[in-house]
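Engineer: just need the structure, nothing else, for what follows:
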Amino acid sequence: QVQLVESGGALVQAGGSLRLSCTASGRTFTIYTMGWFRQAPGKERDFVARVTWGGHTDYADAVKGRFTISADTPKNTVYLQLNNVKPEDAAVYYCSANTQTGGDPYWGQGTQVTVSS
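Structural biologist: Predicted coordinates for the structure are as follows:
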């Protein structure tokens, strides 16, 4: 089992910046990728970004050039730096982890990002 705890969600002005954190615990040695998804009210949960423990990153088109995902593997922590935040970025942001044992990804409880225009 892997447990994920997110933090950093807040109210941010449009154009501003924010950093989200997600720390994994438990069987962290099985993790090979972690990522971020987001879900706005009434919408599906969408992919935002992911990072492999080897350092490869992927981003959704909507956030490329504005968001940066990074990993501190010794701390089992991933970060999502949000820059030039837009109103449409407002959502609950969820951290996810995939493990080498396969199966469904693990999820955190979510952290709220609110954007004021």
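Engineer: got a list of what the residue nearest the centre of the chain touches?
Structural biologist: With distances taken as C-alpha atoms, centre = their mean, the residue of the chain nearest its centroid is W36 (2.6 Å). Contacts for W36 (C-beta atoms under 8 Å, 6 or more residues apart in numbering) come out as L20, C22, V48, A49, R50, I69, V78, L80, Y93, Y94, C95, S96. The C-beta positions use only the backbone N, C-alpha and C, and glycine is treated the same way.
Engineer: and T23, by the same measure?
Structural biologist: Neighbour list for T23: L4, V5, K75, N76, T77 [criterion: C-beta under 8 Å, 6+ apart].
Engineer: those residues: which two are farthest apart?
Structural biologist: Within those, L4 and K75 form the most distant pair, 13.2 Å apart (C-beta to C-beta).
Engineer: the strands in the protein, which residues?
Structural biologist: For the chain, applying DSSP state E gives strands covering 2-7, 11-13, 18-26, 31-39, 46-52, 57-59, 67-72, 77-82, 91-99, 106-107, 111-116.
Engineer: got CSV for those strands, with mean pLDDT too?
Structural biologist: CSV is the format used below for those (pLDDT from 0 to 100):
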stretch, mean pLDDT
strand 2-7, 97
strand 11-13, 98
strand 18-26, 97
strand 31-39, 96
strand 46-52, 97
strand 57-59, 98
strand 67-72, 96
strand 77-82, 98
strand 91-99, 97
strand 106-107, 96
strand 111-116, 98
